[in-house]
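Asks: Okay, structure incoming, though there's no sequence with it:
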């Protein structure tokens, strides 16, 4: 979302600011020794201190290759203890727990449909709560073959559905960021759908309203006056800025120039390399052919939106040609700052979805 410069900084700052205990489903295997049943709540069972002379507990977390939490993975615990084997399912936060386990060597086997099984071996000490390292599942070869069968349009559609659930702090839209490095390119229809989803989101209306309120309080665009009428004019102008910038820079020009309007999260490499990447991405984008190129869509889209705004802003507040280009340059700087927040902060504030890489894992990593 891009607003006129005077209000854009407010939105930029707003966006930049933009485990529960695991539940267990434990089913001990039949045995002649009565087994204690793990209470629901998962991790809470591991927090109950076991008898230090008799037993301990084993817990951990299951994620996928992108470090998204995996719910429903089957975790099987085997070993020499008479109470084993046991099996639980990872909870919504990816956690699992086996309480009241006799000390000794053990092995964990983790399975999840479409992903290659993983194992982990260790030794549990008496009275210990053993937290195993995070267990990352990889897509199995069989599942990859199925994924490859999807058309690029179908693959992109599945990825868009996940992007549209991305919200900073669970509220602020974060639709134009892909956490999949080799995401399928969007066709023109999908680019317009993403733009429409953005401009009609309730949070977008709220941000424009808040910006208009600040403008009125500071008496920006004084020709609009005060009162309800003045606020309505400021709101209308701000929303028109948002629609123009989003559709021109995020849908129309990307469709004509065959460019992808999304920011592709890097997330790997040294901090300096990620900083360089985020800054460069303010003037570079990925083409629909997968190659990096100058982001003509974003640059020209900003200029076009600024020129169009001259049709509805008061005459004394309209941008001249020079000021339009100056604001475009400032917009590029603001984009670089936003990308830095995306690279180092916003993903941590955006709730993850356990299956958000399922349709793209067949693509090789860069």
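Replies: Thanks, I have the structure now. Please read all numbers here as calculations on a predicted model, not as lab measurements.

Asks: From here on, just use CA atoms for contacts and neighbour counts.
Replies: Fine.

Asks: Would you map out the domains in the chain?
Replies: 5-17+143-349, 43-137 (automatic domain parsing).

Asks: Identify, out of those, the most deeply packed stretch.
Replies: Comparing the domains of the chain by mean neighbour count (mean count of other C-alpha atoms under 10 Å), domain 43-137 ranks first with a mean of 19.

Asks: chain center to it: distance?
Replies: 27 Å (C-alpha atoms, centre = their mean, to the nearest Å).

Asks: can you redo the domains of the chain as TSV with mean pLDDT?
Replies: Below are these laid out as TSV (pLDDT from 0 to 100):
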stretch	mean pLDDT
domain 5-17+143-349	85
domain 43-137	84
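
Asks: Leaving out chain neighbours, which residue sits closest to residue 179?
Replies: Leaving aside its chain neighbours, residue 179 sits nearest to residue 265 (5.2 Å; criterion: C-alpha to C-alpha, 6 or more residues apart in numbering).

Asks: is it true that the one you found touches residue 181?
Replies: Yes - counting by C-alpha atoms under 8 Å, residue 265 touches residue 181, with 6.8 Å between them.

Asks: how about the strands of the stretch 51-200 of the chain, start to end?
Replies: Counting by DSSP state E, counting those that start in this stretch, one finds strands in the stretch 51-200 of the chain at the ranges 56-64, 74-79, 86-89, 95-101, 104-112, 115-124, 129-131, 135-137, 167-168, 172-173, 177-178.

Asks: Relative to residue 155, which of these is closest?
Replies: Among the strands of the stretch 51-200 of the chain, strand 177-178 comes nearest to residue 155, with 13.3 Å by C-alpha to C-alpha.

Asks: And for that closest one, what's in contact with it?
Replies: Here strand 177-178 makes contact (C-alpha atoms under 8 Å, 6 or more residues apart in numbering) with 163, 262, 263, 264, 265.

Asks: Distance from that strand to the middle of the chain?
Replies: That offset, for strand 177-178, works out to 7 Å (C-alpha atoms, centre = their mean).

Asks: any chance of the contacts of strand 177-178 in CSV, plus distance to residue 341 and secondary structure?
Replies: Converted to CSV, the contacts of strand 177-178 look like this (distance: C-alpha to C-alpha, whole Å; DSSP: H, G, I helix; E, B strand; the rest coil):
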residue, distance to residue 341, secondary structure
163, 17, helix
262, 15, coil
263, 12, strand
264, 13, strand
265, 11, coil
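
Asks: so which of the strands of the stretch 51-200 of the chain comes closest to residue 304?
Replies: Closest among these, once you apply C-alpha to C-alpha, is strand 177-178, at 22.8 Å.

Asks: strand partners of that closest one, parallel vs antiparallel please.
Replies: strand 263-264 (parallel) (DSSP bridges).

Asks: For the helix or strand following the partner strand, which outside residues touch it?
Replies: As assigned by DSSP states H and E, the chain's next helix or strand after strand 263-264 is helix 271-280. Outside of helix 271-280, the residues that reach it under the criterion C-alpha under 8 Å, 6+ apart are 266, 267, 268, 336, 337, 339, 340, 343.

Asks: quick revisit: output the contacts of strand 177-178 as JSON lines; include the columns distance to residue 96.
Replies: Below are these laid out as JSON lines (distance: C-alpha to C-alpha, whole Å):
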{"residue": "163", "distance to residue 96": "27"}
{"residue": "262", "distance to residue 96": "35"}
{"residue": "263", "distance to residue 96": "34"}
{"residue": "264", "distance to residue 96": "32"}
{"residue": "265", "distance to residue 96": "29"}
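
Asks: Now residue 282: closest residue in space that isn't a chain neighbour?
Replies: Distances taken as C-alpha to C-alpha, 6+ apart put residue 336 closest to residue 282, at 5.0 Å, once the chain neighbours are dropped.

Asks: Can you name the helix or strand that the one you found falls in?
Replies: Judged by DSSP H and E, residue 336 forms part of helix 321-341.

Asks: angle of that helix against helix 271-280?
Replies: 150 degrees (axes from the mean of the first three to the mean of the last three C-alpha atoms, to 10 degrees).

Asks: list the helices and strands helix 321-341 packs on?
Replies: Contact partners of helix 321-341 among helices and strands, from 3 or more C-alpha pairs under 8 Å, 6 or more residues apart in numbering; DSSP states H and E: helix 5-16, helix 271-280, helix 296-309.

Asks: that older thread, export the contacts of helix 271-280 as a markdown table, with columns for distance to residue 238.
Replies: What follows is the contacts of helix 271-280, written out as a markdown table (distance: C-alpha to C-alpha, whole Å):
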| residue | distance to residue 238 |
| --- | --- |
| 266 | 32 |
| 267 | 33 |
| 268 | 37 |
| 336 | 22 |
| 337 | 21 |
| 339 | 23 |
| 340 | 25 |
| 343 | 27 |
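
Asks: nearest to residue 224, of the residues you listed?
Replies: Distances from residue 224 to the contacts of helix 271-280, taken by C-alpha to C-alpha, are shortest for residue 337, at 31.2 Å.

Asks: now, among the contacts of helix 271-280, which is nearest to residue 221?
Replies: residue 337 (26.5 Å).

Asks: show me the contacts for the closest one.
Replies: Contacts for residue 337 (C-alpha under 8 Å, 6+ apart) come out as residue 279.

Asks: Give me the distance between the residue nearest to residue 262 when sequence neighbours are not counted and residue 291.
Replies: Leaving aside its sequence neighbours, residue 262 sits nearest to residue 176 (C-alpha to C-alpha, 6+ apart; 4.7 Å). As judged by C-alpha to C-alpha, to the nearest Å, residue 176 and residue 291 stand 18 Å apart.

Asks: Understood, closing this out.
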